[in-house]
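S.K.: the following block contains a protein sequence and its predicted model.
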Amino acid sequence: MVTLTNPVTPQNIVDRFKDLVTDVANTGIVYGTDSKPFAEMPDATYAGTTAGATVTATGATIGSAGNAITASTIKTVLETETALYTNIRLQRAIKNLLGSGVIFDATNVAHMATSDRQTLGAINSASVDATQTISSSNLETYFGNLATEYTTLRSNTVTTTIDVCHTSCHSSCHSSRGRR
């Protein structure tokens, strides 16, 4: 686990954020492009694998080492970064057999398509603002607030229902095409 250094550096901020937000988002993903709930689920339902998303923020996006790091930059970069994970969320995957009803219904964490991203609510800045000197404890609290907001949004469930004509629709339809 990364701890904030004294003095705090731009890369140190990103590394600590990754521990508290990115790593939380990437934990426990069950569905993704590499692990769909059933074969008929369209590939486009997912934006990535069960490994999750990689952090795009860098120390350079926060500031340059040895120079002042501004609160507005920290907030803009990290809130934008947090929003990039909001499509990693619960998915209720339903497979419906036409004429018979539901034959699969499960809810798990999924790396959903980017179109399933959500908007962050107001994040308590924990005194990470222009009017005060930012302390490591303020940053820790702010990172915790970002993680809490992400975790809240993660529990918002996307329901995806796929209708099939027979129980082995994917293999039956696609395997028989070569014999026709």
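M.R.: Great, that's in hand. Predicted model only: the values in this text are computed from it and were never measured.
S.K.: name the SS class of the residue lying closest to residue 162 once chain neighbours are set aside, please.
M.R.: Excluding the flanking residues, the one nearest residue 162 by Cβ to Cβ, 6 or more residues apart in numbering is residue 40, at 5.0 Å. (Glycine included, C-beta is placed from N, CA and C.) Counting by DSSP: H, G, I helix; E, B strand; the rest coil, the backbone at residue 40 sits in coil.
S.K.: what is the burial count for residue 40?
M.R.: Residues near residue 40, counting by other Cβ atoms under 10 Å, number 16.
S.K.: also residue 111?
M.R.: When neighbours are counted by other Cβ under 10 Å, residue 111 registers 29.
S.K.: ok, now which ones touch it?
M.R.: By Cβ atoms under 8 Å, 6 or more residues apart in numbering, the contact list for residue 111 reads 29, 31-33, 46-50, 52-53, 87-88.
S.K.: and of those, the nearest to residue 159?
M.R.: residue 31 (12.8 Å; Cβ to Cβ).
S.K.: partners of the closest one in the sheet?
M.R.: Beta-bridge pairing for residue 31 (DSSP bridges): residue 110.
S.K.: now do the longest helix along the chain, average pLDDT.
M.R.: For the chain, the longest helix by residue count, based on DSSP state H, is helix 136-154. For helix 136-154, mean pLDDT rounds to 93.
S.K.: roughly how far is it from the heart of the chain?
M.R.: Mean-position distance between helix 136-154 and its chain equals 14 Å (Cα atoms, centre = their mean, to the nearest Å).
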